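Visitor: Using only what follows, build the 3D model:
(2 chains)
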2 protein chains.
Amino acid sequence: MKVKVLANILGANDRVAGENRRMFDDNGVFVINLMSSPGAGKTTLLENTLGALKDKFKIGVIEGDVATTADAERIEKMGVPVVQINTGSACHLDGSMIRDALDEFDLKSLDMLIIENVGNLVCPAEFNLGEDHKVMVLSTTEGDDKPLKYPLMFRESSALIINKTDLIPYTNFNMEKAVCDSLSINPGLMVFPLSCRTGEGLDGWYGWLESHLRKG
Amino acid sequence: MKVKVLANILGANDRVAGENRRMFDDNGVFVINLMSSPGAGKTTLLENTLGALKDKFKIGVIEGDVATTADAERIEKMGVPVVQINTGSACHLDGSMIRDALDEFDLKSLDMLIIENVGNLVCPAEFNLGEDHKVMVLSTTEGDDKPLKYPLMFRESSALIINKTDLIPYTNFNMEKAVCDSLSINPGLMVFPLSCRTGEGLDGWYGWLESHLRKG
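Guide: Numbering: from 1, shown residues only, chains lettered A, B, ... in the order given. The predicted model follows:
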């Protein structure tokens, strides 16, 4: 019974996500759905990414949070259009929330839309938003056991950013284990170890985004 | 419609949690529901806690994870009874999962049961398990903005453990902000800043547990 309810919810969501997808295609917008645990560094990565790419490409941002507009305020300072979605009790964004937020953008003018999902390593991976790619962030302080313990998000993502590499000396994080376990779940996963604090490794991530933007 | 489905699920869960509660009372077992983001350090905290208290009290553990038995294997090495629940796609433990796991324990022989929930800062806070207290772990590397962004778990918890204080020098975590924002949501919250790595601050947490165990 519970399973059937879930299947219905996911089916309905996929239909709305499909409509979002058509809107993105019609307007030539490349869309990233950025997911992670709370505090893995999505917003800081986004600030860095906007700083590097916003003069070359027109970028919009949707911020998803259970509560507060703190993240949208941080992004607004970067001078790009941003919409905050507060989900209330919901632990993930869904297609309808994105559909409603799209009314706030001039899609024709955008090259890329980055959607920062609610901080949650489980539920967001189940809900398509109409994005081109799911991208996830794992921070080294979370531990190298996360790929095997939370496999769905690793399976669904096209790229894995391993953030906070500057903190590895102070943790027992094993990069080789984290990467190998991630690839055992999803052999096609692109992996970008980096530090938003030191800037190390960010260029690879920017390059991946740019390669998709130039295609589009 | 979706809201009604959720209300029904939560109502059914509360009934099962109430039955669990009666079993715990009948057998004199003090029960903690331990919650946090993935990688905040719940299992390491549990290892430390068992090391400190298992000779004074009889302690059992239920490990909740989406996948793997990695955590149960870690706890088993501590020489206490442990049951692993794998939730599959579910992002939280619920009352029925605990009810089923209880069959694996000799409850009469236990002083305390610690339930380690699935790593998730949102959903577990909505599902009562029949516990005496919800306890949450926030790690300094997740950031001091988490109380306002994920208020429900801070509101529902009796105690907040702020773990990884040893990493504060390498982050921009502001302890005062984290504590004040947490207390603004839940003025009765007990706060224990500590480091499982250095051991600093652990005694306060053990003392809180012991004060409850001696009452029971």
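
Visitor: Next, A:M35: secondary structure please.
Guide: Following DSSP: H, G, I helix; E, B strand; the rest coil, the label given to A:M35 is strand.

Visitor: is it true that A:T68 lies in a helix?
Guide: No. Counting by three-state DSSP, A:T68 is not found in a helix; it is coil.

Visitor: That one - how many residues pack around it?
Guide: 17 (other C-beta atoms under 10 Å in any protein chain shown). Yep, even glycine has a C-beta here, placed from its N, CA and C like the rest.

Visitor: Also the one 10 residues further on?
Guide: By the other C-beta under 10 Å criterion, the neighbourhood of A:M78 contains 16 residues.

Visitor: can you give me the strands for chain A?
Guide: Under the criterion DSSP state E, chain A contains strands at A:30-36, A:59-65, A:82-86, A:112-116, A:133-139, A:159-163, A:190-193.

Visitor: out of those, nearest to chain B?
Guide: Of all the strands of chain A, it is strand A:59-65 that lies closest to chain B, at 5.6 Å by C-beta to the nearest C-beta.

Visitor: That closest one relative to strand A:82-86, how many degrees between them?
Guide: 20 degrees (axes from the mean of the first three to the mean of the last three C-alpha atoms, to 10 degrees).

Visitor: So in that sheet, which strands flank strand A:59-65, and in what orientation?
Guide: Strand pairing for strand A:59-65, determined by DSSP bridges: strand A:82-86 (parallel), strand A:112-116 (parallel).

Visitor: Nearest to B:G143, out of the strands of chain A?
Guide: Closest to B:G143 of the strands of chain A, according to C-beta to C-beta: strand A:133-139, at 10.4 Å.

Visitor: Show the average pLDDT along that closest one.
Guide: Mean pLDDT, computed over strand A:133-139, is 98.

Visitor: and the angle for the longest helix along chain A with strand A:30-36?
Guide: Longest helix in chain A by number of residues, with DSSP state H as the criterion: helix A:2-27. On the basis of the same axes, to 10 degrees, helix A:2-27 is oriented at 140 degrees to strand A:30-36.

Visitor: Kindly state the beta-bridge partners for the residue positioned nearest the centre of chain A.
Guide: Residue closest to the average C-alpha location in chain A (C-alpha atoms, centre = their mean): A:L34, at 0.4 Å. Listed by DSSP bridges, the beta-bridge partners for A:L34 are A:E116, A:V135.

Visitor: Go ahead and confirm it touches A:V118.
Guide: No. Between A:L34 and A:V118 there is no contact, the gap being 10.8 Å when judged by C-beta atoms under 8 Å.

Visitor: residues contacting A:P81?
Guide: When contacts are counted by C-beta atoms under 8 Å, 6 or more residues apart in numbering or on different chains, A:P81 touches A:G60, A:V61, A:E104, A:F105, A:D106, A:L110.

Visitor: make that A:K108, sorry
Guide: Contact partners of A:K108, counting by C-beta under 8 Å, 6+ apart, are A:N27.

Visitor: For A:N27, see how far away it is.
Guide: Applying C-beta to C-beta, to the nearest Å, the value for A:K108 to A:N27 is 5 Å.

Visitor: One more: A:K54?
Guide: Applying C-beta to C-beta, the value for A:K54 to A:N27 is 18 Å.

Visitor: that older thread, pipe the strands of chain A into CSV and attach distance to A:D100 per row.
Guide: Formatted as CSV, the strands of chain A follow (distance: least, C-beta to C-beta, whole Å):
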stretch, distance to A:D100
strand A:30-36, 16
strand A:59-65, 10
strand A:82-86, 8
strand A:112-116, 13
strand A:133-139, 20
strand A:159-163, 27
strand A:190-193, 31
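
Visitor: Out of the ones you listed, which gets nearest to B:Q84?
Guide: Proximity to B:Q84 (C-beta to C-beta) singles out strand A:133-139 among the strands of chain A, at 22.6 Å.

Visitor: The closest one versus strand B:133-139: what angle between them?
Guide: Here strand A:133-139 runs at an angle of 90 degrees relative to strand B:133-139 (the same axes, to 10 degrees).

Visitor: Kindly export strand A:133-139 (C-alpha atoms) in PDB.
Guide: Provided in PDB are the C-alpha atoms of strand A:133-139 (Å, rounded to 0.1, in the frame of the first residue of the first chain):
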ATOM      1  CA  HIS A 133      22.400  16.100 -14.900                       C
ATOM      2  CA  LYS A 134      22.300  15.300 -11.200                       C
ATOM      3  CA  VAL A 135      25.500  16.300  -9.500                       C
ATOM      4  CA  MET A 136      26.300  15.400  -5.900                       C
ATOM      5  CA  VAL A 137      28.700  16.700  -3.400                       C
ATOM      6  CA  LEU A 138      30.300  14.500  -0.700                       C
ATOM      7  CA  SER A 139      32.600  16.200   1.800                       C
END
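
Visitor: Are there helices or strands packed against the lowest-mean-pLDDT helix or strand in chain A, and which ones?
Guide: Least confident helix or strand, chain A: helix A:2-27 with a mean of 88, by mean pLDDT, DSSP states H and E. Judged by 3 or more C-beta pairs under 8 Å, 6 or more residues apart in numbering or on different chains; DSSP states H and E, helix A:2-27 is in contact with helix A:95-102, helix B:2-27.

Visitor: which one of those is the most hemmed in?
Guide: helix A:95-102 (a mean of 19; mean count of other C-beta atoms under 10 Å in any protein chain shown).

Visitor: now that one, how far from the centre of its chain.
Guide: In terms of C-alpha atoms, centre = their mean, to the nearest Å, the centre of helix A:95-102 is found 16 Å from the chain centre.

Visitor: One more: stretch A:7-16?
Guide: On C-alpha atoms, centre = their mean, the centre of stretch A:7-16 falls 20 Å from the chain's centre.
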